[in-house]
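Colleague: Kindly return the folded structure for what I paste below:
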Amino acid sequence: MDLSIYSLWFLLWAQEAGSQPGLLEEREADYGTEPELEEAGQLVTFVRLATKFDAPCPLKSSEVLNIRITRTLRIFIGPRELKIRPMAKSILLLFLRHPDGIVLKEISNYEHELASLYGRVSRSWDKALIQTRIARIMDVFNNELNVNISRVNSALSAMMMSEDAPHIRGKAGSAKAIILQRNAIIWE
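Modeller: Prediction:
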């Protein structure tokens with residue numbers, strides 16, 4: 001369905017006017033078939049949510065050409081920047097650096113690398129606070145690492161809106177990795 005901005009404006013106006021008696025003389029049934037009205041309603045809901053939360057339209061998997069990581073560790077998937085929390089971003093970068101994967105029980109082997117990444121993407125300059133947060137990730141009895149891996153996977157799925165979006169995956173007890181073509185990752 002190809003709608004111009006005026007069509008979207010009219011749909012928003014019509015939906016608002018339809019809830020107030022007397023503004024629209026005709027009934028909804030006079031404007032189209034049931035599937036067309038349902039599709040228009042879904043479009044209106046999407047437009048409202050996108051403007052309310054300033055949410056970008058999700059990428060289609062065919063639009064994603066590469067994952068680009070800048071020198072300042074900003075992550076771009078295709079033309080758009082991936083915005084996630086600093087710890088989740090650090091974990092994503094750690095997994096992107098290790099294509100063979102990481103066994104979660106052995107995450108402490110990567111403590112210095114993760115601390116370095118987190119120190120670069122974090123807004124905090126307090127080294128004690130950074131070490132405390134890294135220690136929570138390194139603690140295998142704490143669920144913090146799994147929570148951040150889930151945040152990474154959710155952010156990637158939401159941005160790409162695709163079932164085949166890259167995720168941190170792996171069987172329990174074995175190495176978890178992001179499965180994607182390594183030539184798709186560009187480190188600047």
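
Colleague: For residue 77, grab phi and psi.
Modeller: Here is the backbone geometry of residue 77 (degrees, to the nearest 10): phi -110, psi 110.

Colleague: can you count the residues close to it?
Modeller: 21 (other Cβ atoms under 10 Å). No exception for glycine: its C-beta is placed from N, CA and C like everyone else's.

Colleague: And for residue 129?
Modeller: Neighbours of residue 129 (other Cβ under 10 Å): 11.

Colleague: how about the helix or strand hosting it: buried residues?
Modeller: Per DSSP states H and E: residue 129 is located in helix 127-138. For helix 127-138, a neighbour-count test (16 or more other Cβ atoms under 10 Å) marks 130, 133-134, 137-138 as buried.

Colleague: And for stretch 111-126?
Modeller: Applying 16+ other Cβ under 10 Å to stretch 111-126 flags 114-115, 117-119, 121-122 as buried.

Colleague: Next step: the residues you listed restricted to strands.
Modeller: Counting by DSSP state E, no part of the buried residues of stretch 111-126 is found in strands.

Colleague: Out of the residues you listed, list just those in helices.
Modeller: 114-115, 117-119, 121 (DSSP state H).

Colleague: With pLDDT and distance to residue 66 added, can I get those in TSV?
Modeller: Converted to TSV, those look like this (pLDDT from 0 to 100; distance: Cβ to Cβ, whole Å):
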residue	pLDDT	distance to residue 66
114	96	24
115	95	27
117	95	20
118	95	24
119	94	26
121	95	20
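
Colleague: would you turn those residues into TSV with distance to residue 184?
Modeller: Below are those laid out as TSV (distance: Cβ to Cβ, whole Å):
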residue	distance to residue 184
114	23
115	27
117	20
118	24
119	27
121	21
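
Colleague: Now flag whichever of the residues you listed is closest to residue 80.
Modeller: If you rank those by distance to residue 80 using Cβ to Cβ, residue 121 comes first, at 17.6 Å.

Colleague: what sits against the closest one?
Modeller: Listed by Cβ atoms under 8 Å, 6 or more residues apart in numbering, the contact set of residue 121 reads 73, 86, 89-90, 93.
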